[in-house]
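**Q** coords below, sequence missing:
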DNA sequence: TATGGTTGTCTATATCAATAGACATTTAAA
DNA sequence: TTTAAATGTCTATTGATATAGACAACCATA
């Protein structure tokens, strides 16, 4: 940010030092701090920078190794394996698959669960229905290049979009599923963005470690007449994506 | 999310159980789970729900008490003190002070630091300058009702906006500072949203506890001719705000 | 083939985090 | 006034976290 440089780490606060340090190093890697060498500084240097024991740094690096972000080679140093961050533009024409398509080779969309249920107060408000009207809920998990990127819960008016679960399973894309059901075009009406820690279930599906952060986008899409067609809550692994809003 | 209900907590992962539980309870409070009673469930009930010892729950509640979110009364229970989440709309006409104005009584903007410096590659790219050209950097801290909401680092072309630090200190608002320097109107061009853990410095200024999450908005504003006038990186306490994007 | 720099492994010690149980204190309601 | 339900305090024990120091193993290079 301001002047760069690694800040001191805090003690006795419920977050283990090795995890705080792992988070800092992960952030430094993804912001390109070590791009020149392609390596993390030596353990002794990091220990000095963070003001901790070398063993504590080793715990942090072990966690990053587990995540596949770095790889230590005895005698040489600790090499950086990955550093990409997917950009996800949020506009009227926001589509997950198309938006990410040029940044990853292989896109997958997996249908985890499908259910027909009564609209909650929140869902009804967003879809402009009465609470208790039937909606279809889909739980989907989206990958880019075999790496899980986001998990989403989506609701659709049940009457209009009967069979959308099957269509999604076939095409692995909401846009294509809509098309099969006769909705050839739609637009993003509103998006609310928040951030939070991951739940146990999301943590497992997104292959996150505890303490990891989610970017959460609550979005509502409408057809070209402004009628709501989808309300969704998408949870993104915050260290793998960024949102771009162009006004 | 899906059906509600508190999920199990994870062990041996560098994040203390009491902190994970504090995060869950904080989230439950801000999403209105306990609005009926205005109280958190009894410690013994929480301990059962999370599958931990009562003392661990007490550590979590102690942390929330420290944050001023709850207040325990012996013999009665643990009362909820605060639960608001400020909404921050992101549009072409995004202004911090005006956007929040109707949700809080008292808005303050504090100038922490001011410096004239050479534009880095990143800043130059956003402000459409050459790297090394002079820019003014402001570090600002914004409060709503005496509660810190966001900390921002902003860069301005130095030649055009000489004296903007002094103007901000006087008006406590970027919009009014611009007005004083002859820029009566401006628009938000792009916003990038990410999330990350707070640095030690941001943690202190925003009165956060370790492990707390930041929503980070990198924004670029232009004048009505499309010439960049400001590039800023704002860090928001994620549990106090949400962003709304209307398309 | 030395040598310096790096990661890997081991032992030991102190503090924090979590569990367990017991009992005191306070409040509200029976 | 009694009682149930809730928070407050204390002791004890175990495992995770962090520090400290020493040395082995490995790599690149002079």
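**A** Perfect, I can see it now. Predicted, not measured: the structure shown is a model, and the values here were computed from it.

**Q** which stretches of chain A have low pLDDT?
**A** In the predicted model, chain A carries pLDDT under 70 at residues A:1-12, A:83-84, A:97-106, A:210-211, A:247.

**Q** and the residue of it nearest DNA strand D?
**A** Closest to DNA strand D within chain A is residue A:75: 2.4 Å, counting by CB to the nearest atom of the strand. In short, each C-beta sits where N, CA and C put it, glycine included.

**Q** can you count the residues close to that residue?
**A** When neighbours are defined as other CB atoms under 10 Å in any protein chain shown, residue A:75 has 4 of them.

**Q** looking at this, it is in a helix?
**A** No. Residue A:75 is assigned coil when assessed by DSSP: H, G, I helix; E, B strand; the rest coil, not a helix.

**Q** quick one, what contacts it?
**A** By CB atoms under 8 Å, 6 or more residues apart in numbering or on different chains, the contact set of residue A:75 is empty.

**Q** how near is it to residue A:42?
**A** Per CB to CB, to the nearest Å, residue A:75 is found 11 Å from residue A:42.

**Q** and if you look at residue A:80?
**A** For residue A:80 relative to residue A:42 (CB to CB), the value is 14 Å.

**Q** Can you measure across stretch A:221-229, start residue to end residue?
**A** Length of stretch A:221-229, first residue to last, CA to CA, to the nearest Å: 6 Å.

**Q** where does stretch A:219-229 sit relative to the chain's centre, distance-wise?
**A** 23 Å (CA atoms, centre = their mean, to the nearest Å).

**Q** Report the separation between residue A:23 and residue B:198.
**A** Applying CB to CB to residue A:23 and residue B:198 gives a distance of 10 Å.

**Q** Ok, residue A:218 next?
**A** Applying CB to CB to residue A:218 and residue B:198 gives a distance of 23 Å.

**Q** The two: which has the busier surroundings?
**A** Shown here are residue A:218 and residue B:198; by other CB under 10 Å, residue B:198 has more neighbours (22 against 18).

**Q** list the contacts for residue A:176?
**A** residue A:167.

**Q** ugh, wrong one, residue A:218
**A** For residue A:218, the contacting residues are A:191, A:192, A:193, A:194, A:231, A:232, A:233, A:234, by CB under 8 Å, 6+ apart.

**Q** For chain A, which segments count as strands?
**A** Assigned by DSSP state E, the strands in chain A fall at A:39-40, A:70-73, A:77-80, A:86-90, A:107-118, A:134-144, A:147-157, A:187-197, A:213-222, A:228-237, A:241-246.

**Q** Okay, buried residues for the third one please.
**A** In terms of neighbour count (16 or more other CB atoms under 10 Å in any protein chain shown), strand A:77-80 has its buried residues at A:77, A:78, A:80.

**Q** Any idea what the second one is bridged to?
**A** Read it as residue A:78. residue A:40, residue A:72 (DSSP bridges).

**Q** And for the residue lying closest to residue A:82 once chain neighbours are set aside, the neighbour number?
**A** Excluding its sequence neighbours, the residue lying closest to residue A:82 (CB to CB, 6 or more residues apart in numbering or on different chains) is residue A:69, at 5.6 Å. Residue A:69 sits with 20 neighbouring residues when counted by other CB under 10 Å.

**Q** can you list the residues of chain A near DNA strand C?
**A** Residues of chain A lying close to DNA strand C by CB under 7 Å from any atom of the strand are A:12-14, A:40, A:42-45, A:55, A:58, A:61, A:72-78.

**Q** and with 6 Å instead?
**A** A:12, A:14, A:42, A:43, A:44, A:58, A:72, A:74, A:75, A:77, A:78 (CB under 6 Å from any atom of the strand).

**Q** among those, who's most crowded?
**A** The most crowded member of the residues of chain A next to DNA strand C, judged by other CB under 10 Å, is residue A:78 (22 neighbours).

**Q** and that one, what is it in contact with?
**A** Neighbour list for residue A:78: A:39, A:40, A:43, A:61, A:70, A:71, A:72 [criterion: CB under 8 Å, 6+ apart].

**Q** Quickly note the distance from the nearest residue to residue A:160 once chain neighbours are set aside to residue B:217.
**A** Counting by CB to CB, 6+ apart, residue A:160 lies nearest to residue A:229, which is 7.4 Å off, once chain neighbours are set aside. Distance, residue A:229 to residue B:217, by CB to CB: 28 Å.

**Q** The two: which has the busier surroundings?
**A** residue B:217 (24 against 21).

**Q** Need the outlier residue of chain A, farthest from its centre.
**A** residue A:75 (35.5 Å; CA atoms, centre = their mean).

**Q** Which among the contacts of residue A:78 count as buried?
**A** For those, buried by 16+ other CB under 10 Å: A:39, A:40, A:43, A:61, A:70, A:72.

**Q** Distance of the residue farthest from the centre of chain A relative to chain B?
**A** In this view, residue A:75 and chain B are 28 Å apart by CB to the nearest CB, to the nearest Å.

**Q** same deal with residue A:142?
**A** Counting by CB to the nearest CB, the gap from residue A:142 to chain B is 16 Å.
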